[in-house]
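In: this one's sequence-less:
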């Protein structure tokens with residue numbers, strides 16, 4: 001039986017009630033502590049560092065086991081302290097594995113890099129993660145990529161560690177756009193539908209972080225036309241990803257950067273009508289997007305995580321939450337939402353205010369009431385006087401020859417004479 005001190009009170013009867021209630025809860029939860037998932041959640045920093053020391057092993061199975069353990073641990077729980085202290089060592093070990101490791105090691109290493117970017121808190125180390133990992137991840141996209149982990153990890157690195165003020169986020173978007181755009185050297189038609197949908201989602205994930213005015217005019221021309229054509233794609237995932245991308249583009253309110261038309265104002269409604277017609281021809285799986293283009297209302301989404309509540313009212317927020325949940329899985333996403341400080345800052349999470357319990361198990365022994373009164377000081381404005389008036393006032397009151405000074409001198413002399421007469425009369429009486 002575990003014993004933990006929840007409340008200390010000098011009265012023994014109160015202390016006994018609280019301790020008994022706590023132990024009763026612990027006894028009910030004893031069976032829950034035996035699962036392997038809970039054991040992994042309690043993985044210590046020492047165990048993670050031990051797995052990190054296994055990376056230099058020449059045997060691939062050992063490296064796979066170490067990578068798998070670290071990825072699973074960071075996926076289940078954001079180990080901020082471990083990542084902050086070992087981020088650079090872990091990053092370079094993953095980059096080395098990506099050069100010479102097996103296919104499974106490659107997938108685990110790319111996923112680990114995305115998790116590092118998601119958990120790290122130190123700004124200087126986050127910059128190093130971006131600078132060193134983006135070239136390696138972009139090289140994976142230039143090869144035959146049949147795994148979405150490379151796309152997801154590139155998006156995570158750019159999302160959490162890029163500096164948007166120097167267009168690093170948009171540069172990562174351009175890498176993904178070159179991967180999916182058929183006008184580039186790589187033909188997107190050769191990508192499996194799942195990979196194409198993942199690439200579009202990653203591109204939208206990064207676009208959701210940028211203000212429209214930051215986007216370049218030269219990169220995204222024709223994006224609306226491209227995504228509109230994908231609405232008629234045979235694969236459902238591709239259709240959904242393309243329709244959400246169009247909704248996000250219209251939400252940015254910078255249509256001139258995504259279309260080749262010269263007059264955006266006159267063509268905006270026409271483009272919207274074309275999209276509505278294409279969405280209507282599809283099944284009801286894109287009804288939210290269709291309603292947005294017809295009514296202009298983004299679907300509200302309310303999510304609760306323990307003591308935290310999140311209300312999503314824009315496409316940017318919905319895209320961010322869905323993409324993070326897809327990367328981490330449902331259980332990992334919930335744990336990160338509750339414990340990851342970067343997530344708290346991103347979604348502005350505040351714990352839900354709970355009312356005090358109706359029946360308190362303890363009664364305070366003393367109560368103190370303090371009342372403070374504040375009386376503001378009344379400031380009286382000093383009347384304005386000119387320099388000549390000030391000189392005259394000093395002359396009449398402070399000068400030795402002034403009437404006030406002479407009167408004061410006569411009064412003091414009179415008081416001094418009276419005192420001397422009293423002293424003389426007292427001496428005469430004594431004689």
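Out: Done, it's in. Keep in mind that what you see is a predicted model, and the values were worked out from it rather than measured.
In: For the nearest residue to residue 102 once chain neighbours are set aside, list the residues it contacts.
Out: The spatially closest residue to residue 102, leaving aside those adjacent along the chain, is residue 60, at 5.5 Å (C-beta to C-beta, 6 or more residues apart in numbering). Heads up, the C-betas are built off the backbone N, CA and C, glycines and all. Neighbour list for residue 60: 101-102, 105 [criterion: C-beta atoms under 8 Å, 6 or more residues apart in numbering].
In: now those: which count as buried?
Out: The neighbour count (16 or more other C-beta atoms under 10 Å) marks 101, 105 as buried among the contacts of residue 60.
In: which residues in the stretch 251-400 of the chain form helices?
Out: 264-280, 287-295, 315-339, 341-347, 387-397 (DSSP state H, counting those that start in this stretch).
In: Most tightly packed of these?
Out: Comparing the helices of the stretch 251-400 of the chain by mean neighbour count (mean count of other C-beta atoms under 10 Å), helix 315-339 comes out on top with a mean of 19.
In: between that helix and helix 287-295, what angle do the directions make?
Out: With axes from the mean of the first three to the mean of the last three C-alpha atoms, to 10 degrees applied, the angle from helix 315-339 to helix 287-295 works out at 140 degrees.
In: contacting residues around helix 315-339?
Out: So helix 315-339 is contacted by 41, 75-78, 114, 118, 152, 155-156, 201-202, 204-205, 208-209, 244, 247-248, 251, 292, 298-299, 301, 303, 305-308, 310, 312, 343, 346-347, 349 (C-beta under 8 Å, 6+ apart).
In: which residues in this structure form strands?
Out: 301-305, 308-312 (DSSP state E).
In: List the contacts of the first one.
Out: The contact list for strand 301-305 (C-beta under 8 Å, 6+ apart) reads 309-313, 317-318, 321, 334, 337-338, 349, 352.
In: just curious, which of the residues you listed is nearest to residue 141?
Out: Within the contacts of strand 301-305, proximity to residue 141 (C-beta to C-beta) peaks at residue 321, which comes in at 24.7 Å.
In: Please name every helix or strand in contact with the longest helix belonging to the chain.
Out: Assignment by DSSP state H gives helix 403-430 as the longest helix of the chain. Helix 403-430 makes packing contacts with helix 387-397 when contacts are defined by 3 or more C-beta pairs under 8 Å, 6 or more residues apart in numbering; DSSP states H and E.
In: so what's residue 96 scoring on pLDDT?
Out: Here the pLDDT value assigned to residue 96 is 89.
In: what's the answer for residue 234, then?
Out: 88.
In: list the contacts for the nearest residue to it once chain neighbours are set aside?
Out: Spatial nearest neighbour of residue 234, excluding adjacent residues (C-beta to C-beta, 6+ apart): residue 193 at 7.8 Å. Applying C-beta under 8 Å, 6+ apart, one finds that residue 193 lies in contact with 233-235, 237-238.
In: Just send those back as TSV, with distance to residue 165 and neighbour count too.
Out: Below are these laid out as TSV (distance: C-beta to C-beta, whole Å; neighbours: other C-beta atoms under 10 Å):
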residue	distance to residue 165	neighbour count
233	36	17
234	41	7
235	37	14
237	34	15
238	33	22
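In: mind checking pLDDT for residue 325?
Out: 92.
In: coming back round to it: what's the farthest-apart pair in the contacts of residue 193?
Out: Between all members of the contacts of residue 193, the farthest pair (by C-beta to C-beta) comes out as 234 and 237, at 10.5 Å.
In: tell me the domain ranges of the protein?
Out: 1-34, 35-161, 211-296, 298-352 (automatic domain parsing).
In: With respect to those domains, which exhibits the lowest mean confidence?
Out: Among these, domain 1-34 has the lowest mean pLDDT, at a mean of 37.
In: Distance of residue 150 relative to residue 98?
Out: 10 Å (C-beta to C-beta, to the nearest Å).
In: what residues are shared contacts of those two?
Out: With C-beta under 8 Å, 6+ apart as the test, residue 150 and residue 98 both reach 110, 140.
In: With neighbour numbers in mind, choose between those two.
Out: residue 150 (29 against 22; other C-beta atoms under 10 Å).
In: roughly how far is stretch 227-245 from the heart of the chain?
Out: 30 Å (C-alpha atoms, centre = their mean, to the nearest Å).
In: What residues sit buried inside that stretch?
Out: 227-228, 230-231, 233, 238-245.
In: Give me the contacts around that stretch.
Out: 193-194, 196-197, 200-201, 203-204, 207, 223, 246, 249, 271, 274-275, 278-279, 281-282, 285-286, 289, 315, 319.
In: Around residue 97, how many other residues sit close by?
Out: The tally of other residues near residue 97 (other C-beta under 10 Å) stands at 22.
In: Pull the contacting residues for it.
Out: So residue 97 contacts 55, 63, 67, 105-106, 108-109 (C-beta under 8 Å, 6+ apart).
In: Which of those fall in helices?
Out: Using DSSP H, the contacts of residue 97 in helices are 63, 67, 105-106, 108-109.
In: would you turn those residues into JSON lines with distance to residue 404?
Out: Output for the ones in helices among the contacts of residue 97, formatted as JSON lines (distance: C-beta to C-beta, whole Å):
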{"residue": "63", "distance to residue 404": "100"}
{"residue": "67", "distance to residue 404": "96"}
{"residue": "105", "distance to residue 404": "100"}
{"residue": "106", "distance to residue 404": "100"}
{"residue": "108", "distance to residue 404": "97"}
{"residue": "109", "distance to residue 404": "95"}
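In: Check those and tell me the two furthest apart.
Out: 63 and 106 (11.2 Å).
In: Between the two, tell me which one has more neighbours.
Out: residue 63 (23 against 20).
In: The more buried one and residue 101, how far apart?
Out: In this view, residue 63 and residue 101 are 7 Å apart by C-beta to C-beta.
In: Now render the domains of the chain as CSV, adding distance to residue 409.
Out: Putting these into CSV (distance: least, C-beta to C-beta, whole Å) gives the following:
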stretch, distance to residue 409
domain 1-34, 73
domain 35-161, 76
domain 211-296, 81
domain 298-352, 75
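In: and those, which is most packed in?
Out: Most buried among the domains of the chain, counting by mean count of other C-beta under 10 Å: domain 35-161, with a mean of 18.
In: what about that domain, distance to the chain center?
Out: 21 Å.
In: coming back round to it: among the buried residues of stretch 227-245, find me the one that's closest to residue 215.
Out: residue 245 (13.9 Å).
In: how much space between the closest one and residue 226?
Out: Counting by C-beta to C-beta, the gap from residue 245 to residue 226 is 9 Å.
In: Excluding chain neighbours, what is closest to residue 205?
Out: residue 323 is the one closest to residue 205 (C-beta to C-beta, 6+ apart), at 4.4 Å.
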